[in-house]
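Asker: okay, sequence plus prediction incoming.
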Amino acid sequence: MIINSSEIRNYKNRTLPYLEDMRIYYEGLNLTNAIRLGAQAKNPDGKMNSHQRRNGAEKCNDGALELEKNEAEIDACSSFEEIFEIIDRISKMKKRLGPLWSYDTALRIGFNKKLYPNTVYIQSGVKKGLKKAGIKRKGRSMPTSSFPPILNQLKPYQIENFLCVWGKQ
C-alpha cells in the first residue's frame, strides 16, 4: 500500500501532537526524573504508556532502578544511539523489558537531553507499517532514505511513530 499525503496530514493532526507533548514534557524534567519516569513509561498525565503496560509497572520500576545506577554514563552521552545502547544493555539483563521498552525509554531520555535518533528504529508495530508499505526490513534500524520520499517531512522518531500507528490501521 502506498502512503499518501492525507495519511501524513491525518497523522500530523491526530497523533503527532501527543508525541510532541511527550517531547516537551521530558525536555522540562531534570535528568534524574527523566531517567526514572522514562523507564517507568510515564506519560505527561502520570499514567503508564500503553506500549509498556504488557511489561507491567514492577518490571518498568526494576528497569528504572537499574538505569538510575547509570545516570552518570547517560549524562555523558552525546548521541541518541549511545543512550539506546545503555538502555538496551539493561533491557537484556532484565526479563520482560524488551526492545520496545529500550527504544521508548531511550527516546524519552533523548528528549530530555535533546538527542534524537538519526535512523528509524524498528519495533513490532513498525514492522506492521513496513509490511503494509511493502518496505523490506533491514536490521534494528534503517536510514530515512529507505522510506518513501513522502515521509521525509517527518523526523526519524516521527517516522517510527507514524509507521507504528499507520501499520495498525
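Answerer: Received the coordinates, thanks.
Asker: which residue, neighbours along the chain excluded, lies closest to residue 131?
Answerer: Among residues not flanking residue 131 along the chain, residue 167 sits closest, at 7.2 Å (CB to CB, 6 or more residues apart in numbering). Placement of C-beta: from N, CA and C, glycine included.
Asker: state the helix or strand in which that neighbour lies.
Answerer: helix 156-168 (DSSP states H and E).
Asker: can you list the buried residues in that helix?
Answerer: By 16 or more other CB atoms under 10 Å, the buried positions in helix 156-168 come out as 156, 157, 158, 159, 160, 161, 162, 163, 164, 165, 166, 167.
Asker: so which elements touch the helix or strand bottoming out on mean pLDDT in the chain?
Answerer: When the helices and strands of the chain are scored by mean pLDDT, DSSP states H and E, helix 124-133 comes last with a mean of 92. Counting contacts by 3 or more CB pairs under 8 Å, 6 or more residues apart in numbering; DSSP states H and E, helix 124-133 packs against helix 98-113, helix 156-168.
Asker: quick check: angle from it to helix 156-168?
Answerer: Relative orientation of helix 124-133 and helix 156-168, computed by axes from the mean of the first three to the mean of the last three CA atoms, to 10 degrees: 70 degrees.
Asker: okay, helix 124-133 in PDB with CA atoms only?
Answerer: The C-alpha trace of helix 124-133 is given here as PDB (Å, rounded to 0.1, in the frame of the first residue of the first chain):
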ATOM      1  CA  SER A 124       7.000  -4.700  16.500                       C
ATOM      2  CA  GLY A 125       4.400  -2.100  15.500                       C
ATOM      3  CA  VAL A 126       6.700  -0.500  13.000                       C
ATOM      4  CA  LYS A 127       7.200  -4.000  11.400                       C
ATOM      5  CA  LYS A 128       3.500  -3.900  10.600                       C
ATOM      6  CA  GLY A 129       3.800  -0.500   9.000                       C
ATOM      7  CA  LEU A 130       6.800  -1.600   6.900                       C
ATOM      8  CA  LYS A 131       4.900  -4.700   5.700                       C
ATOM      9  CA  LYS A 132       1.800  -2.600   4.800                       C
ATOM     10  CA  ALA A 133       4.000  -0.200   2.900                       C
END
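Asker: how much space between residue 120 and residue 169?
Answerer: Residue 120 sits 18 Å away from residue 169, going by CB to CB, to the nearest Å.
Asker: looking at those two, which is more packed in?
Answerer: Neighbours were tallied for residue 120 and for residue 169 using other CB atoms under 10 Å; the higher tally belongs to residue 120 (26 against 9).
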